[in-house]
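**Q** below is the sequence, then the predicted model.
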Amino acid sequence: MSAATAQLQQSTIRQYTLQLRLPTIGGQFLKMAEEAVKQKLGPVAYLEALLAAEVEERERNAIARRIQESKFPKVKTLEDFNFQEAPHIPAAQIRKLAEGGYLGRSEPIIFLGDLGTSRKGGRDGDHESAVFREDDDVSERPVVQGDARPADRPGTHH
């Protein structure tokens, strides 16, 4: 096949993907075709990979659109948090909790106190938090200045 014919085919495919509203396929079909040849994948496997990429991109876009439409003030992630500005927050422990291992072990996690700017008049940096395990004694848990209370759990009495 000549280079001119290949260029024409690629241009036609891009036009079809625009008409069908398949932008991810239009942007990735050539790169993924080359990869499929390298991996010796058949046409069905190639098509499956193309369609999967389109579906994944649409799911990402739908999530981003819902977040934007929700009018959240700002999307915040743990990676954005500056632990150096809040040295009293145990960074290693928070990162370990973010992994979610406690979920599989069915361990309850309780945070007490104001976090960040609150509608109750709290200010950034004017907070305390604590993480507890199920075997902790509720009576020994700190309570932050009257607005945070120990959480009630089934089988726990104060």
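**A** Happy to help now that I have it.
**Q** which strands or helices does the lengthiest helix in the chain pack on?
**A** Scanning the chain for the helix with the most residues, using DSSP state H, yields helix 43-69. In terms of contacts (3 or more Cβ pairs under 8 Å, 6 or more residues apart in numbering; DSSP states H and E), helix 43-69 is packed against helix 23-38. Any C-beta I mention is one placed from the backbone N, CA and C, and that applies to glycine too.
**Q** buried residues, the helix it packs on. List them.
**A** Thr24, Ile25, Gly26, Gln28, Phe29, Met32, Ala33, Ala36 (16 or more other Cβ atoms under 10 Å).
**Q** unless I'm mixing things up, Phe29 is touching Ile13, no?
**A** Yes. Using Cβ atoms under 8 Å, Phe29 makes contact with Ile13 at a distance of 6.0 Å.
**Q** now do the contacts for Leu18.
**A** Contact analysis of Leu18 by Cβ atoms under 8 Å, 6 or more residues apart in numbering lists Gly26.
**Q** domains of this structure?
**A** 3-69, 76-148 (automatic domain parsing).
**Q** can you list the weak-confidence ranges in this protein?
**A** Scanning the chain for pLDDT under 70 picks out the ranges 113-158.
**Q** can you pull out the strands in it?
**A** With DSSP state E as the criterion, the chain has no strands.
**Q** and the helices in it, which stretches?
**A** Using DSSP H, helices in the chain cover 3-19, 23-38, 43-69, 91-98, 101-104.
**Q** and the angle from the first one to helix 43-69?
**A** Between helix 3-19 and helix 43-69, the angle formed by their directions is 40 degrees, by axes from the mean of the first three to the mean of the last three Cα atoms, to 10 degrees.
**Q** with just CA atoms, put helix 3-19 into PDB.
**A** In PDB, the C-alpha atoms belonging to helix 3-19 read as follows (Å, rounded to 0.1, in the frame of the first residue of the first chain):
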ATOM      1  CA  ALA A   3       1.900   6.200   1.600                       C
ATOM      2  CA  ALA A   4      -0.700   8.300  -0.100                       C
ATOM      3  CA  THR A   5      -3.300   5.500   0.200                       C
ATOM      4  CA  ALA A   6      -2.500   5.000   3.900                       C
ATOM      5  CA  GLN A   7      -2.800   8.700   4.500                       C
ATOM      6  CA  LEU A   8      -6.200   8.800   2.700                       C
ATOM      7  CA  GLN A   9      -7.400   5.800   4.800                       C
ATOM      8  CA  GLN A  10      -6.300   7.400   8.000                       C
ATOM      9  CA  SER A  11      -8.000  10.700   7.100                       C
ATOM     10  CA  THR A  12     -11.200   8.900   6.200                       C
ATOM     11  CA  ILE A  13     -11.200   6.900   9.500                       C
ATOM     12  CA  ARG A  14     -10.700  10.200  11.500                       C
ATOM     13  CA  GLN A  15     -13.700  11.700   9.600                       C
ATOM     14  CA  TYR A  16     -15.800   8.600  10.400                       C
ATOM     15  CA  THR A  17     -14.900   8.800  14.100                       C
ATOM     16  CA  LEU A  18     -15.800  12.500  14.200                       C
ATOM     17  CA  GLN A  19     -19.200  11.800  12.600                       C
END
